[in-house]
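# After the sequence you'll find the predicted model.
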Amino acid sequence: MVYLLLLVAALLSTFVFATDPQTKCLALKNTLRLENTTILDVAYINAPAIVSTAGSCQSSASVTAAPLCRVYFVTNTTSTSALHAEAWLPDTWYGRFLGLGNGGLNGCLDYVGLDYGSSLHFAVVGSDNGHDGSSGLPLLNHPEVINDYAFRAIHVEAVIGKQIVDAYYGTPSAKSYFLGCSTGGRQGLQAALKFPADFDGIVTGAPAVDWNHLMGWLGMLAHYMGATNLDSTATVNTSPKFIPPELWGVISAEILRQCDFLDGVRDGIITEPDDCDFRSGGASVYRKPDNGLFDTGATSSDPFASAVIGGNFSSLTADWERYAVLNVTEYDFTNFSVQDVALFDQVNPGGVATFSGDLSAFRDRRGKFLTYHGRRDPLISSTNSKRVYDLISQTLSQPLDDFYRLFLIPGMGHCFGGLGPTLLGQGIVPGTNAVNDSAHNVLLALVDWVEGGLAPATIIGSDGNGTERTHCRYPMRSVFNGTLFVCRE
Ligand SMILES: [Ca+2]
């Protein structure tokens, strides 16, 4: 800890503005000269404010960490593709760069992350991932836009972002970090695999890795569950296989009746969903697919659950198949099958799969990787993160604790929310850093690991109201000792 404090002091002492920050900030509009890049706007935000945003995903964003310099820029990644991005550069800078990821098939700058990172005195850069908006339509007939989405945007964001930081503060970042969840989690692993020098430390949540199979799984699940066609305007799904939302409450209650107490505490949280061998009874149409939703007692009202069980074909899978795999505008998903999934594998647009275990280059640069996954995640099962962990471990033939740690979070939904102490400093939504220290905050824990060599043994989640729970790193298990949950081999 002493070492860390000294390091922070050293970093702080290296950074002094020669002129006042507002003048220096506004001058960037005309002084920044970056490859393939145009500075679209520069603004100095003096006090906490609500500002208008770039792109179509949202109209306004909070700047709580002012004063800071806001730079909006576009970088042409090829002659037919471009990245729009923002850098938020706080006056009080601790010498650290932070790159942000995206979500789903978007297209949306992570303004929560820009605000969150700058509040912790990072210089933060977030991008639109190479296209604007939430739909996959911009991918249609644009292979270079797909390449941005699949792997390039996160690299360009890091390269150009670091140059902006360097120019503004007059000194390079001492360390570089990445923070993302879901698709952002996939981008984090992709960065470590393809561009291992970009980041010293990476935090990923609920990573959408093994992407083609994830899209295939969503499609197959919809098929099995009687989903109607995409964008159905019908309000009633009449398929005999369809499970209406009100019945999910019944199923959830029965799952909890059978499995909540397996961990020794009846609290609505199933600590180890894999231990839950749910019996639905002979008359039910219900069988247990490999999905956190079905293991964990989540209901149709959980965030993101409707994307899986809402009765319509997954728009993620539909957009991916139409616009990225087939390059068509219309496709009938009625007979979606494993042959569609095989095609996803075969085409693998942009190399999006992101399912390789060779992190040797990242490891050899002494990079650190911290990943977490909620065990009540209805959109991406935490089983996926265990698969990746095992893949990396097998590929490198070594235990991973030295540089890669996975924390499984009982009760947590997709990236945030759910039940219990799920605030970990993970960003994504405001207020996740209820407690701002490295024991409770995945981003600060990563900083201590990278800069001080203090590997996080556990992460303590909080619920914002004083209740905490120690979360364990895989493959350790969370065990109730009669008083509280502890981590055991
Ligand atoms: Ca329980």
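Noted; the coordinates are in hand. Residues are numbered from 1 along each chain as shown.
# how close does the residue most central in space within the chain sit to L221?
The residue lying closest to the centre of the chain (CA atoms, centre = their mean) is C181, at 0.6 Å. From C181 over to L221 the distance is 21 Å, taken as CB to CB, to the nearest Å. Backbone N, C-alpha and C define where each C-beta goes, glycine included.
# go on, L26?
Applying CB to CB to L26 and L221 gives a distance of 52 Å.
# neighbouring contacts of the host helix or strand of L406?
Element membership for L406, per DSSP states H and E: strand 404-409. Residues from elsewhere that reach strand 404-409, judged by CB atoms under 8 Å, 6 or more residues apart in numbering: 359, 363, 368-375, 382, 385-386, 389, 392, 422, 424, 442, 455-456, 458-459, 461, 471-474, 478.
# Filter those down to the ones in strands?
368-374, 459, 461, 471-473, 478 (DSSP state E).
# Out of those residues, grab the one that's most surrounded.
G374 (32 neighbours; other CB atoms under 10 Å).
# My guess is that one contacts L419. True?
No. G374 sits out of contact with L419 when judged by CB atoms under 8 Å, with a separation of 9.9 Å.
# joint contacts of the two?
Common contacts of G374 and L419 (CB under 8 Å, 6+ apart): 411-412.
# on that earlier part again, strand partners of the strand holding L406, parallel vs antiparallel please.
Strands that pair with strand 404-409, judged by DSSP bridges, come out as strand 368-374 (parallel), strand 468-473 (antiparallel).
# would TSV of those with mean pLDDT and distance to the ion be doable?
Listed next are the strands paired with strand 404-409 as TSV, based on pLDDT from 0 to 100; distance: least, CB to the ion, whole Å:
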stretch	mean pLDDT	distance to the ion
strand 368-374	98	15
strand 468-473	98	11
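# Turn those strands into TSV, columns for distance to N76.
Converted to TSV, the strands paired with strand 404-409 look like this (distance: least, CB to CB, whole Å):
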stretch	distance to N76
strand 368-374	31
strand 468-473	41
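# Can you report how many residues neighbour the residue nearest to F369 when sequence neighbours are not counted?
Leaving aside its sequence neighbours, F369 sits nearest to Y404 (CB to CB, 6 or more residues apart in numbering; 4.4 Å). Y404 is flanked by 24 other residues according to other CB under 10 Å.
# Repeat that for the one 4 residues further on.
Around L408 there are 25 other residues, counting by other CB under 10 Å.
# Same question for the one 10 residues further on.
Neighbour count of G418, defined by other CB under 10 Å: 24.
# Now name the helix or strand holding A191.
Per DSSP H and E, A191 falls inside helix 183-194.
# So which residues on the protein come close to the ion?
Counting by CB under 5 Å from the ion, the chain comes close to the ion at 260, 263, 265, 267, 269.
# so the last one sits right up against D260, yeah?
Yes. The pair formed by I269 and D260 meets the contact definition of CB under 8 Å, at 7.3 Å.
# ok, those two, which is more surrounded?
For I269 versus D260, neighbours defined as other CB under 10 Å are more numerous around I269 (25 against 20).
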